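*Asks:* mind folding the following:
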Amino acid sequence: MQFTKDEIYEKVKQIMAELFEIDPEEITPESKLVDDLDLDSIDAVEMIVQLQKLTGKRINPEQFQSVVTVEDVVSILQKLLEEQNSQEA
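*Replies:* Alright, predicted model coming up:
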């Protein structure tokens, strides 16, 4: 399954809005997960579980240690999906 970066961003935004009851208008690529969206480590685990469902791939929590912004989440997902697509090809 091939997603564009914009499609991945929209999916991440939708997941975050539903999971954490955040107004989607507040979620931008530059939004900082902790400072702007007030997410904590438990929220991060919940988000990883949802993103795993989206990608169908196991996401290593260590990959999220350097994540600061929504854009960082999108970049990790894009990389995972590209790896998945290259393995399927």
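*Asks:* centre of the chain to stretch 72-88, how far?
*Replies:* For stretch 72-88, the separation from the chain centroid amounts to 11 Å (computed by C-alpha atoms, centre = their mean, to the nearest Å).
*Asks:* which helices and strands does the strand or helix carrying Lys79 pack with?
*Replies:* Following DSSP states H and E, one finds Lys79 within helix 70-88. Other helices and strands packing on helix 70-88, by 3 or more C-beta pairs under 8 Å, 6 or more residues apart in numbering; DSSP states H and E, are helix 5-20, helix 41-55. To be clear about C-beta, it is placed using only N, CA and C from the backbone, and glycine gets the same treatment.
*Asks:* so it versus helix 5-20, what angle?
*Replies:* Orientation check (axes from the mean of the first three to the mean of the last three C-alpha atoms, to 10 degrees): helix 70-88 against helix 5-20 gives 120 degrees.
*Asks:* which other residues reach helix 70-88?
*Replies:* Helix 70-88 is contacted from outside by 1-3, 5, 8-9, 12-13, 16, 27-31, 33, 37, 47, 51, 54-57, 59, 63-64, 66-67, using C-beta atoms under 8 Å, 6 or more residues apart in numbering.
*Asks:* so for Leu33, what's the nearest residue that isn't a sequence neighbour?
*Replies:* Using C-beta to C-beta, 6 or more residues apart in numbering and skipping the chain neighbours, the partner closest in space to Leu33 is Leu39 (4.6 Å).
*Asks:* next one: the residue positioned nearest the centre of the chain from Pro29, what distance?
*Replies:* Centroid-nearest residue in the chain, with C-alpha atoms, centre = their mean: Val73, separated by 4.0 Å. As defined by C-beta to C-beta, to the nearest Å, Val73 lies at a distance of 9 Å from Pro29.
*Asks:* what comes up buried for the lowest-mean-pLDDT helix or strand in the chain?
*Replies:* Sorted by mean pLDDT, DSSP states H and E, the helices and strands of the chain end with helix 70-88, the least confident at a mean of 86. Buried residues in helix 70-88, defined by neighbour count with 16 or more other C-beta atoms under 10 Å: 70-74, 76-78, 80-81.
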